[in-house]
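In: need a 3D model of the sequence below.
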Amino acid sequence: MVAVVIPCYRVKEKILPLLQKIGPEVQQIIVVDDACPEHTGEFVRENCTDSRVKVIIHPKNLGVGGAVKTGYKVALSEGVGVVVKLDGDGQMDPSLIPGLIEPLRSGDADYTKGNRFYDLHYLREMPLIRKIGNSFISFLNKQVSGYWDIMDPANGFTAITSLALAYLPLDKIDNRFFFENDMLFRLNTIRAVVVDFPMYSSYADEESNLRIYEALLKFPLNYLGRFVKRIFYNYFLRDFNIGSLELILGTALFLFGVIFGIVKWSSSILSSHPATAGTVLLAALPVIIGFQSLIAFLHFDLANIPRKPISTSLSKLPPQNLK
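Out: Predicted structure coming up:
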């Protein structure tokens with residue numbers, strides 16, 4: 001069974017046309033009104049006759065991530081096999097859902113997400129500021145999540161198997177606009193297979209609820225924290241491998257060379273005595289070797305992208321979210 005979760009906040013004018021476009025491949029539609037000031041949930045209850053639709057209303061605004069997680073938990077409790085997340089603003093075409101969920105049904109992936117950067121023709125419709133912002137965020141997210149082969153991490157058109165969803169620590173995932181990025185980090189911690197789904201989006205007069213200052217203040221710290229956790233989980237807690245050694249050796253040598261070089265360079269300037277060739281070599285060689293070791297670690301990390309769906313590797317462990 002396939003369910004669609006739609007978080008709603010200020011989308012009253014667009015929600016009914018969106019619901020009408022969802023095809024018969026979907027058996028359940030979960031509309032989550034996140035304390036919407038337009039009362040979108042009540043509006044759907046009063047005007048939508050689709051028997052597949054279930055409306056949940058939050059008494060307090062939790063954020064888009066909080067709304068999606070509410071829908072996820074409802075879907076899990078009702079035994080849904082695949083859960084699609086669809087934004088309520090109409091940017092995503094529900095007719096693309098069959099293609100989005102196909103890799104999950106065939107057992108090739110645990111999580112699929114839209115990628116608006118695949119087709120240059122459709123990319124021209126994206127506003128320039130979004131192109132620049134999404135490209136920069138995508139590069140950061142590759143490093144943080146460990147999924148080096150995906151693009152457009154903030155894309156909200158996603159699908160996940162119930163098994164992968166059951167193993168995720170849902171209560172730890174960010175409640176607000178960092179939700180999609182945080183999902184990728186959490187998916188990597190359970191070694192889930194993630195694939196991109198080429199898609200297009202329509203851009204009209206919708207306004208984003210994301211505040212620029214919020215992104216500038218919170219996103220860098222969120223990214224840094226997730227990056228450190230991923231490295232610790234994958235290379236020191238869950239496993240210790242050649243990549244771990246390359247990271248330790250590379251970091252230690254690089255820092256030693258840089259610090260030693262700065263100290264000797266400062267001392268040489270203050271004393272007006274040029275540093276000897278041996279001193280220069282002692283500073284430069286660790287920097288070179290350390291940098292090459294870090295590059296080797298990067299190559300190892302690139303090759304360490306999850307390739308085996310968790311249905312074949314975690315099936316013997318008790319999931320976190322199934323009672």
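In: stretch 53-68: which residues count as buried?
Out: By neighbour count, and taking 16 or more other C-beta atoms under 10 Å as the criterion, the buried residues in stretch 53-68 are 53-58, 61-68. Every residue, glycine included, has its C-beta placed from N, CA and C.
In: and which of those residues is nearest residue 238?
Out: The nearest member of the buried residues of stretch 53-68 to residue 238, counting by C-beta to C-beta, is residue 65 at 25.1 Å.
In: hang on, residue 70 packs against residue 56?
Out: Yes: assessed by C-beta atoms under 8 Å, residue 70 is found in contact with residue 56 at 6.0 Å.
In: need the overlap of contacts for these two.
Out: Between them, residue 70 and residue 56 have residue 32 as joint contacts when contacts are counted by C-beta atoms under 8 Å, 6 or more residues apart in numbering.
In: hang on, residue 30 in a strand?
Out: Yes: using DSSP: H, G, I helix; E, B strand; the rest coil, the assignment for residue 30 is a strand.
In: so what's it up against?
Out: Residues in contact with residue 30 (C-beta under 8 Å, 6+ apart) are 3-6, 54, 56, 71, 74-75.
In: same question, residue 153
Out: With contact taken as C-beta under 8 Å, 6+ apart, residue 153 is in contact with 113, 137-138, 141, 145, 180-181, 184.
In: can you map out the helices along this structure?
Out: Assigned by DSSP state H, the chain shows helices spanning 12-21, 40-47, 64-77, 97-105, 120-123, 128-145, 162-167, 179-189, 212-232, 242-271, 277-303.
In: from residue 176, how far off is the residue nearest to residue 7 when sequence neighbours are not counted?
Out: With sequence-adjacent residues excluded and distances taken as C-beta to C-beta, 6 or more residues apart in numbering, residue 7 is closest to residue 67, at 3.6 Å. According to C-beta to C-beta, to the nearest Å, residue 67 and residue 176 sit 10 Å apart.
In: what do you get for residue 127?
Out: Using C-beta to C-beta, we find residue 127 at a distance of 22 Å from residue 176.
In: who has more neighbours out of these two?
Out: Counted by other C-beta atoms under 10 Å, residue 127 and residue 176 do not tie: residue 176 has more neighbours, with 17 against 9.
In: quick check: the more buried one touching residue 68?
Out: No: applying C-beta under 8 Å as the test, residue 176 and residue 68 come out as separate, 10.8 Å apart.
In: low-confidence ranges, this structure, go.
Out: By pLDDT under 70, the weakly predicted segments of the chain are 122-123, 125, 201-217, 313-323.
In: go again with 50.
Out: 209-210, 323 (pLDDT under 50).
In: please parse it into its domains.
Out: Per automatic domain parsing, the domain ranges recorded for the chain read 2-235, 240-308.
In: need the CA coordinates for stretch 27-43. PDB is fine.
Out: Taking Å, rounded to 0.1, in the frame of the first residue of the first chain, the C-alpha atoms of stretch 27-43 are listed here in PDB:
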ATOM      1  CA  GLN A  27      -4.300   4.200  -1.400                       C
ATOM      2  CA  GLN A  28      -4.000   6.700   1.400                       C
ATOM      3  CA  ILE A  29      -3.500  10.500   1.600                       C
ATOM      4  CA  ILE A  30      -2.500  12.000   5.000                       C
ATOM      5  CA  VAL A  31      -3.000  15.700   5.100                       C
ATOM      6  CA  VAL A  32      -1.300  17.300   8.100                       C
ATOM      7  CA  ASP A  33      -2.400  20.800   9.000                       C
ATOM      8  CA  ASP A  34       0.500  22.300  10.900                       C
ATOM      9  CA  ALA A  35      -1.600  24.800  12.900                       C
ATOM     10  CA  CYS A  36      -2.200  26.600   9.600                       C
ATOM     11  CA  PRO A  37      -3.700  30.100  10.100                       C
ATOM     12  CA  GLU A  38      -5.800  29.400   7.000                       C
ATOM     13  CA  HIS A  39      -7.300  26.300   8.600                       C
ATOM     14  CA  THR A  40      -6.400  24.200   5.600                       C
ATOM     15  CA  GLY A  41      -7.200  21.000   7.500                       C
ATOM     16  CA  GLU A  42     -10.800  22.000   8.200                       C
ATOM     17  CA  PHE A  43     -11.100  23.300   4.600                       C
END
